[in-house]
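please find the sequence and the predicted model below.
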Amino acid sequence: MPWNLDALAVGIEDDLVEIRVVALALPLPPLLRAAEAALFTALEGTRWNDARLRLVVTDVDAGALAPRSRE
């Protein structure tokens, strides 16, 4: 099966790991901090242990903008 490398959501270089995501919920700052912590843990002990991490929000899902019911 051929891969379109330009369409992949993950880009990995020796000094940079970039992950492109679609936001499914808001607010973004705490979600991005949690994702960053999980990714740093996942990269620990790998050759990308010291790489910079870049999370790029490419879109926001319409469901993230829908009003929430207050319970």
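Sure, I can see it.

need the strands for the protein, in chain order.
10-12, 16-23, 52-60 (DSSP state E).

in CSV: these, plus mean neighbour count and mean pLDDT.
All C-beta atoms are positioned from the backbone trio N, CA, C, and that covers glycine. Listed next are the strands of the chain as CSV, based on neighbours: other C-beta atoms under 10 Å; pLDDT from 0 to 100:
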stretch, mean neighbour count, mean pLDDT
strand 10-12, 12, 92
strand 16-23, 15, 93
strand 52-60, 12, 94
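
among those strands, which comes closest to F40?
Nearest to F40, of all the strands of the chain, is strand 52-60, at 6.6 Å by C-beta to C-beta.

elements contacting that closest one?
Counting contacts by 3 or more C-beta pairs under 8 Å, 6 or more residues apart in numbering; DSSP states H and E, strand 52-60 packs against strand 16-23, helix 28-43.

so where's this protein uncertain?
Flagging of the chain using pLDDT under 70 yields the residue ranges 1-8, 69-71.

how about a cut-off of 90?
1-8, 22, 66-71 (pLDDT under 90).

A35 contacts V56, correct?
No: judged on C-beta atoms under 8 Å, A35 makes no contact with V56 at a distance of 11.4 Å.

any shared contact partners between the two?
Common contacts of A35 and V56 (C-beta atoms under 8 Å, 6 or more residues apart in numbering): V21.

in CSV: the helices and strands packed on strand 52-60, plus distance to D50.
Below are the helices and strands packed on strand 52-60 laid out as CSV (distance: least, C-beta to C-beta, whole Å):
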stretch, distance to D50
strand 16-23, 11
helix 28-43, 9
